[in-house]
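> Could you look at this predicted model? Sequence included:
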Amino acid sequence: MIYFRGCVVREKLKNIEFATEKILDVAEVDYEILENEECCGSFLLRTGFHNDAIEVMKKNLEKIKDEKILVSCAGCYNTLKNDYKKFLGVELDLIHTSQLFKDLIEDGKLELKKTSLKVAYHDPCHLGRHSGEYEAPRDVLKSTANLVEMMYNRDKSRCCGAGGGVKSAYPETSLKIARKRIEDVEDIDADILVTACSFCILNLTSAVESLKDQNSLKIIDLSELLLIGLNYE
C-alpha cells in the first residue's frame, strides 16, 4: 500500500503524516511513502484549470495506478476517487485514513483507551457530500472519545469556507464562513474539533486564531485524536 499524503500534509501539516505513520506502524501495516508524489490536481480542478489538472493527474497515474492507495486529505480522496474516474476513466484502489483506521480497530489491531475528551466532528465537503463517507470517521472517533454532534452535520454540515479556491480569491469571506463553523462548536461546548481534511484544519484554525482573545478551541485531524487514544494514560 502507498501512503499518498497530499500537498498540504506534506508541506504544512506534517503532524498528520507523523500521526498516521505511527498508527500504521503500531498496527503493523505494510506501506510505503510516495516520496515523489505530484499534487492530486484538486486545487487546479476546483479553480477552473482543467487542462493543467489533467496533466498533473496523468503524471500521478503513472506512479499509483496499480497500487492500493491510502490518503489523509479529503480533497485528495475525492479527486483520486471521483475525478480520476471522470476525467481519465480510471478507477483507483483507494482508501481514506478514516476507513482504514475503522478496519484496524474492528480487526483488533489497535488497542485504544477511552479518553474523557468531549469532541465535535466536522464533515469535510469532499469526504461527506462528494464521496458519501460520514460514518467511518465517527466510528473511529467514538472508539476513543465522546462524540457530541453539532446541529449542522453530515450532509447538512457547513463548509469550512476554504474550498473551490475561495480562501485564495476571497480570504475575508472564507474566514467569515469558518467563524460560523466555530460558532457551531461553541454551541455544544466541545473540548476539541476533529476533522479529516487538511484544508478544513487550516481554515478553521485561522478562524480560531482570529478570535484568539475569545476562543482557545483546538482543531486536529482524526489521526491525531487516534494517537491520543493509543497513548492515553
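Sure, I can see it. Keep in mind that this is a model prediction, so the values were computed, not measured.

> Can you show me the helices along the chain?
Here the chain has its helices, by DSSP state H, at 7-11, 14-26, 42-46, 50-64, 74-78, 84-88, 97-106, 135-142, 166-169, 171-188, 198-210, 222-231.

> winner for burial among these?
Per residue and on average, the most neighbours among those fall to helix 74-78, with a mean of 29 (mean count of other Cβ atoms under 10 Å). (Each C-beta comes from the backbone N, C-alpha and C, glycine too.)

> picking up where we left off before, right, so of the helices of the chain, which gets closest to I33?
Nearest to I33, of all the helices of the chain, is helix 14-26, at 7.9 Å by Cβ to Cβ.

> and that closest one, what other elements does it pack with?
Packing contacts for helix 14-26, counted by 3 or more Cβ pairs under 8 Å, 6 or more residues apart in numbering; DSSP states H and E, involve strand 2-4, helix 7-11, helix 97-106, strand 218-221, helix 222-231.

> Run the chain-centre distance for it.
14 Å (Cα atoms, centre = their mean, to the nearest Å).

> Can you list the neighbours in contact with it?
By Cβ atoms under 8 Å, 6 or more residues apart in numbering, the residues outside helix 14-26 that reach it are 3, 5, 9-10, 31, 33, 72, 97, 101, 104, 110, 198, 201, 221, 223-224, 226-227, 230.

> and with 6 Å instead?
R5, V9, Y31, S72, T97, D221, S223, E224, L226, L227 (Cβ atoms under 6 Å, 6 or more residues apart in numbering).

> Stretch 2-13 now?
Contacts for stretch 2-13 (Cβ under 6 Å, 6+ apart): 16-17, 31-34, 37, 39, 67, 69-73, 76, 198.

> Repeat the analysis, applying 7 Å as the threshold.
16-17, 20, 31-34, 37, 39-40, 64, 67, 69-73, 76, 198-199, 201-202 (Cβ atoms under 7 Å, 6 or more residues apart in numbering).
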